[in-house]
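[1] Return a 3D structure for these sequence lines:
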Amino acid sequence: IEADRAEIAHFVNNIDPDNCPEIRVDGFASCDGPPTINWPLSCNRAQALKSELYAPTHPNYQHEPGRIPEEKIKTFANGETDYFSGTSLPLNRRATAFITGGGGGKPECPETCEDPDDPDDGGKPEVVDECQILKEKIREQKHDFNKCGPDTKCRNEKEEILTKSRMEYLEKC
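    As a prediction, the model looks like this:
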């Protein structure tokens with residue numbers, strides 16, 4: 001974590017505050033908990049990274065907070081995923097950031113990290129988008145891959161299909 005903070009400080013130290021790009025922050029959770037827990041966790045991870053980008057806590061940070069204006073940092077919750085690793089749950093518990101031109105189709109994190117699918121959370125509508133459909137497709141393909149067992153031909157065929165779906169997800173989402 002300290003190395004991550006050092007990288008963030010280095011990145012923010014080198015941002016031109018007069019020409020600051022928009023930054024997209026995505027939060028994720030592993031698949032080992034219920035969606036009612038995982039969505040807020042992914043949102044909180046995105047918000048924590050946004051806070052670190054706005055006001056880095058590493059001692060190498062050389063400026064006042066706000067070198068990257070808060071309005072330039074967009075946060076998105078993705079809920080549970082096994083995209084980063086199908087075998088190691090902790091690798092899926094993360095937040096990522098990258099420079100973007102905006103948008104992306106996913107709902108932006110609200111001020112409070114409530115589950116949009118939970119009717120007790122203010123009745124926010126369920127968001128079903130192409131990215132969610134692709135994530136489900138990838139999850140099913142991983143299940144098919146695992147059913148191959150030691151059959152190398154089957155595994156190679158399923159891995160090729162899975163790789164194409166992952167590339168499609170990365171391009172669209």
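
[2] all helices of the protein, in order?
    Applying DSSP state H to the chain gives helices spanning 2-13, 35-54, 130-147, 152-172.

[3] Pull the residues that contact the third one.
    So that's helix 130-147. The contact list for helix 130-147 (Cβ atoms under 8 Å, 6 or more residues apart in numbering) reads 81-83, 86, 105-106, 155, 158-159, 161-162, 165-166, 168-169, 172-173. From N, CA and C alone the C-beta is placed, and that goes for glycine too.

[4] Report the buried residues of it.
    Buried residues in helix 130-147, counted by 16 or more other Cβ atoms under 10 Å: C131, Q132, L134, K135, I138, R139, Q141, K142, F145.

[5] How far away from the center of its chain is the lowest-mean-pLDDT helix or strand in the chain?
    Within the chain, no helix or strand scores below helix 130-147, which has a mean of 74 by mean pLDDT, DSSP states H and E. The chain centre lies 17 Å from the centre of helix 130-147; the measure is Cα atoms, centre = their mean, to the nearest Å.

[6] Next, the angle from it to helix 152-172.
    In terms of direction (axes from the mean of the first three to the mean of the last three Cα atoms, to 10 degrees), helix 130-147 departs from helix 152-172 by 170 degrees.

[7] Need the helices of the chain in a markdown table (columns: distance to C20).
    Shown next, in a markdown table, are these (distance: least, Cβ to Cβ, whole Å):
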| stretch | distance to C20 |
| --- | --- |
| helix 2-13 | 10 |
| helix 35-54 | 11 |
| helix 130-147 | 26 |
| helix 152-172 | 25 |
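
[8] Between the ones you listed, which one is closest to T96.
    helix 35-54 (7.9 Å; Cβ to Cβ).

[9] picking up where we left off before, looking at the helices of the chain, which one has the lowest mean pLDDT?
    For the helices of the chain, mean pLDDT drops lowest on helix 130-147, to a mean of 74.

[10] Looking at the buried residues of helix 130-147, which is nearest W39?
    Of all those, W39 sits closest to Q132, with 11.8 Å by Cβ to Cβ.

[11] Just the buried residues of stretch 29-45, please?
    A29, S30, N38, W39, P40, L41, S42, C43, N44, R45.

[12] ok, the third one to L134 distance?
    Spelled out, it's N38. 18 Å (Cβ to Cβ, to the nearest Å).

[13] Which one of the helices of the chain lies nearest to A97?
    Here helix 35-54 is closest among those (Cβ to Cβ), at 5.8 Å.
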